[in-house]
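[1] Next comes the sequence, and after it the predicted model I'd like to discuss.
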Amino acid sequence: MLRQVGKFLKPTTAALQTFGHLATRNRVELTAAQLEALLRAKTLPLSLTLEPGYVILACEGHLVGCGLYTPGRLHSQLPQRHVAPLRFESDD
């Protein structure tokens, strides 16, 4: 369910898909605009009151995947194969 990545424990995709909706800690709720910016740039300036480490990303109540929070920054840990097919309205 978790694996050691550097000094942090990272949840597996299967763990997030199965239990992520039950999480009450280390969950970051993003707006649609924040999610779009994170997916485009792979990092988002964001100050949170969380300890550094892996977090569950959600948008509008829906689980999106995993991110890595470091002080002042949120880094996408979403596989590119999941991000590449996404299209945003401004791309049309």
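    That came through, no problem. Numbers count the residues shown, from 1 in each chain.
[2] Assess the claim that residue 48 and residue 70 are in contact.
    No - look at residue 48 against residue 70 with CB atoms under 8 Å: they stay out of range, at 10.2 Å. (Glycine included, C-beta is placed from N, CA and C.)
[3] Distance from the chain centre to the biggest helix by length in the chain, please.
    Secondary structure of the chain per DSSP state H: the longest helix is helix 32-41. Chain-centre distance of helix 32-41: 10 Å, with CA atoms, centre = their mean, to the nearest Å.
[4] quick one, helices of the protein?
    With DSSP H, the ranges of helices along the chain come out as 13-19, 32-41, 80-83.
[5] Of residue 48 and residue 70, which one has the most company?
    residue 48 (14 against 11; other CB atoms under 10 Å).
[6] And the pLDDT at that one?
    pLDDT, residue 48: 94.
[7] In space, what's closest to it - neighbours in sequence excluded?
    residue 69 (6.1 Å; CB to CB, 6 or more residues apart in numbering).
[8] Kindly report the same for residue 63.
    Per CB to CB, 6+ apart, closest to residue 63 is residue 20, 4.6 Å.
[9] Now do the contacts for the one you found.
    11, 56, 63 (CB atoms under 8 Å, 6 or more residues apart in numbering).
[10] Now which of those would you call buried?
    Neighbour counting over the contacts of residue 20 (16 or more other CB atoms under 10 Å) leaves 11, 56 as the buried ones.
[11] Serialize the contacts of residue 20 to a markdown table and add fields for pLDDT and distance to residue 29.
    Shown next, in a markdown table, are those (pLDDT from 0 to 100; distance: CB to CB, whole Å):
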| residue | pLDDT | distance to residue 29 |
| --- | --- | --- |
| 11 | 87 | 17 |
| 56 | 93 | 9 |
| 63 | 89 | 10 |
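[12] Brilliant, that's me finished.
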